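S.K.: quick one, fold the following:
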Amino acid sequence: MKLVSVTSMSNVLGTVNPIKDLAQIAHRRGALIAVDAAQSVGHSPTDVTELDVDFFAFSAHKMLGPTGLGIFWTRQEILADMPPFLGGGGMITDVSSTGYVPAKGPTRFEAGTPPIAEAAGLGAAVLYLEGSEWTTSTSTSTFSPSDALSRSRPSSTVHSASSAPATPSARPARHQSGRRGVHAHDVAR
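M.R.: Numbers count the residues shown, from 1 in each chain. As a prediction, the model looks like this:
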């Protein structure tokens with residue numbers, strides 16, 4: 001089996017990868033595609049079926065949700081062929097002295113106590129984002145790294161690192177800059 005693994009948006013430079021195009025290329029070559037969407041899910045609505053990806057993962061805290069919860073999505077036909085890798089709790093339908101029968105569907109991957117509070121928090125974050133300008137405007141994607149740099153005090157010690165797209169509608173609200181010789185945590189203080 002061939003697998004292409006790619007990030008949807010770079011955490012460092014803000015580069016946005018053309019996921020739908022990459023998925024088409026991977027599928028034409030007989031490969032599956034896995035997308036790490038941790039950096040992109042909080043910036044705009046995402047439809048995994050529209051992107052035509054096979055695996056999609058992100059962290060709840062990257063879209064205003066609580067820490068400690070990750071989301072993994074895959075196509076139903078792929079999920080049906082995947083064996084569970086942990087056992088216990090609600091992922092078991094039947095147990096005996098010789099083995100166990102895992103639950104059907106995604107439940108068979110949910111061993112142990114589920115993160116109930118975290119899941120409720122993510123649900124609230126999604127509702128908030130769906131009701132915000134996130135879905136009705138491009139306010140998060142019209143950020144200009146060049147504007148940010150031009151507004152900072154001119155200095156030979158300020159540097160910028162960005163390969164974000166030049167087109168405002170394709171640009172994430174993300175920019176990396178810092179001061180030469182000064183740790184990023186010290187700049188943030």
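
S.K.: which parts of the helix ranked longest in the chain are buried?
M.R.: Longest helix of the chain, by residue count under DSSP state H: helix 116-130. Buried residues in helix 116-130, defined by neighbour count with 16 or more other C-beta atoms under 10 Å: E118, G121, L122, A125, L129. From N, CA and C alone the C-beta is placed, and that goes for glycine too.

S.K.: now stretch 65-78
M.R.: Buried residues in stretch 65-78 (16+ other C-beta under 10 Å): G65, P66, L69, I71, W73, T74.

S.K.: next one: stretch 83-90
M.R.: For stretch 83-90, a neighbour-count test (16+ other C-beta under 10 Å) marks P84 as buried.

S.K.: what ranges do the helices span in the protein?
M.R.: Along the chain, counting by DSSP H, helices occupy 19-28, 48-51, 76-81, 116-130, 145-151, 184-188.

S.K.: could you export these as TSV, including mean pLDDT?
M.R.: Putting these into TSV (pLDDT from 0 to 100) gives the following:
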stretch	mean pLDDT
helix 19-28	97
helix 48-51	94
helix 76-81	90
helix 116-130	92
helix 145-151	58
helix 184-188	73
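
S.K.: turn these into TSV, including distance to Q39.
M.R.: Below are these laid out as TSV (distance: least, C-beta to C-beta, whole Å):
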stretch	distance to Q39
helix 19-28	12
helix 48-51	15
helix 76-81	24
helix 116-130	15
helix 145-151	15
helix 184-188	17
